[in-house]
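Undergrad: Here is the input, now give the coordinates:
(one chain, ligands or ions: 1)
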Amino acid sequence: MIRNTSAPFFSPSRRSLMKLAGAGAVGAATALSACSETATAATPANDAIDPDALAILSSNENPYGPSPKAVEAIKAEAANLYRYTYPTVSKFAEMVAEREGVAPEQVLVTNGSTPILAAFSDWVNVKGGKIITSAITYEGVPRVAEQAGTEVVYMPLTQDMGYDMEAIAARVGPDTGAVYLCNPNNPTGKTIPTAQLKAFVEDVSNKVPVFVDEAYLDMSDDYPGNVMSEFVAAGKPVVVARTFSKIYGMAGQRLGYGLMPADMAMDMRKTGRLSNVNYLGLVGGMASLEDTEHFEKMRATMIRGRQKLIAMAADLGRPIAPDPQGSFIYMDVGMPAKDFAAKMLDRNVRVVGERWSDLPNWTRICVGLDHEIDKCHAAAKEILTSI
Ligand SMILES: Cc1ncc(COP(=O)(O)O)c(C=O)c1O
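TA: This is a model prediction of the structure:
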């Protein structure tokens, strides 16, 4: 494993901190006024409403839950779950293919997107070659790859905590099996500028398969301009992964899909490990895709939540990875993140402790209901003002 831990990450100097704090506050004010009408109309999911419940701001879920139409569809179909799902998978794949502009054979449907990430890692392991990605990124592909014995090359982040696309492109060589990109990146929330990403995917996919994990892309400012499915449609060795766990609020129901070359999808199907797609997930997924009004409401709500987190960090005077575009911020808490997380848990708020060990003082905090973010804010203030 090659991991450069001396990368010059975003420097938490007082000046940059102040600049960032200002930017966060301005962004927050704008987003709040732009989205307040829509966002107040969003209804929270059940278990998060209790003000005394544990505020779970660690799992990047959508606390507003699924589309009510998805819930209705699931209830209506519950008695039909005795059947295998093959025809429903096909129906869902056709629906997705039409939306994404690809062929149905290029859609691989799974229980959440985790199986797509794992299957891709295994596929590269069989074909051979290293996986190149960035330091401080989502572990779904690298972790499975390393477990299978594939070497993963972690390129350092840039100064502003973005992917170093030039360095990644330059590192691709005869020993490379694939590249994994997470856009926006989990945990930094940074997106790769669209023009740069398109040029990268166009060029690098001529050499090796490129995987773009778009789990949070539909919450980003540039959406849908930064969607990479056009490369799959063009027949390039590109994989795009999507999930219903985030903006669609269906993490517990498990549904995701990958867009990829038809022969790669067939290789993955043949492993026999991906035929476990659940019926009610598919039913809820199809109803969710049709409920565009709810999607827009959730997009506004998650963006508003993100701005609330940015404003929180600014008020706490803590640096964050700049310009987050997912449903979370990545914040330097100025103390070991695992101690911070333990103190937060004492105050009934769960945030991510030390998960990316290269940055032991950084924690990821995700969008919750307003009262949960307020509880997080108050708890963090109490902890951070006492150090
Ligand atoms: C970037 C990214 N990709 C993929 C996943 C996997 O999600 P799921 O299996 O619920 O679709 C996650 C989950 O947090 C994620 O953050």
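Undergrad: how about the helices of the protein, start to end?
TA: For the chain, the helices defined by DSSP state H occupy 14-40, 68-77, 86-100, 114-127, 140-148, 165-171, 194-204, 229-233, 262-270, 279-290, 292-316, 337-346, 370-385.
Undergrad: Columns distance to the ligand, mean pLDDT and mean neighbour count on top of those, output as JSON lines?
TA: The C-beta positions use only the backbone N, C-alpha and C, and glycine is treated the same way. Below are the helices of the chain laid out as JSON lines (distance: least, CB to the nearest ligand atom, whole Å; pLDDT from 0 to 100; neighbours: other CB atoms under 10 Å):
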{"stretch": "helix 14-40", "distance to the ligand": "22", "mean pLDDT": "34", "mean neighbour count": "15"}
{"stretch": "helix 68-77", "distance to the ligand": "16", "mean pLDDT": "97", "mean neighbour count": "17"}
{"stretch": "helix 86-100", "distance to the ligand": "14", "mean pLDDT": "97", "mean neighbour count": "16"}
{"stretch": "helix 114-127", "distance to the ligand": "3", "mean pLDDT": "96", "mean neighbour count": "22"}
{"stretch": "helix 140-148", "distance to the ligand": "5", "mean pLDDT": "96", "mean neighbour count": "19"}
{"stretch": "helix 165-171", "distance to the ligand": "17", "mean pLDDT": "98", "mean neighbour count": "16"}
{"stretch": "helix 194-204", "distance to the ligand": "15", "mean pLDDT": "98", "mean neighbour count": "17"}
{"stretch": "helix 229-233", "distance to the ligand": "16", "mean pLDDT": "98", "mean neighbour count": "20"}
{"stretch": "helix 262-270", "distance to the ligand": "15", "mean pLDDT": "95", "mean neighbour count": "17"}
{"stretch": "helix 279-290", "distance to the ligand": "11", "mean pLDDT": "98", "mean neighbour count": "22"}
{"stretch": "helix 292-316", "distance to the ligand": "14", "mean pLDDT": "97", "mean neighbour count": "21"}
{"stretch": "helix 337-346", "distance to the ligand": "17", "mean pLDDT": "97", "mean neighbour count": "18"}
{"stretch": "helix 370-385", "distance to the ligand": "18", "mean pLDDT": "96", "mean neighbour count": "18"}
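Undergrad: For residue 256, find the nearest of the ones you listed.
TA: For those, proximity to residue 256 was assessed by CB to CB; helix 114-127 is nearest, at 6.1 Å.
Undergrad: Kindly export that closest one (C-alpha atoms) in PDB.
TA: Output of helix 114-127 as PDB, limited to C-alpha atoms (Å, rounded to 0.1, in the frame of the first residue of the first chain):
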ATOM      1  CA  THR A 114     -21.600  -1.700  -2.000                       C
ATOM      2  CA  PRO A 115     -21.900  -5.000  -4.000                       C
ATOM      3  CA  ILE A 116     -21.000  -3.100  -7.300                       C
ATOM      4  CA  LEU A 117     -17.900  -1.600  -5.600                       C
ATOM      5  CA  ALA A 118     -16.900  -5.000  -4.300                       C
ATOM      6  CA  ALA A 119     -17.600  -6.800  -7.600                       C
ATOM      7  CA  PHE A 120     -15.500  -4.300  -9.400                       C
ATOM      8  CA  SER A 121     -12.600  -4.800  -7.000                       C
ATOM      9  CA  ASP A 122     -12.900  -8.600  -7.600                       C
ATOM     10  CA  TRP A 123     -13.100  -8.100 -11.400                       C
ATOM     11  CA  VAL A 124      -9.800  -6.100 -11.300                       C
ATOM     12  CA  ASN A 125      -8.300  -8.800  -9.100                       C
ATOM     13  CA  VAL A 126      -9.000 -11.400 -11.700                       C
ATOM     14  CA  LYS A 127      -7.800  -9.300 -14.600                       C
END
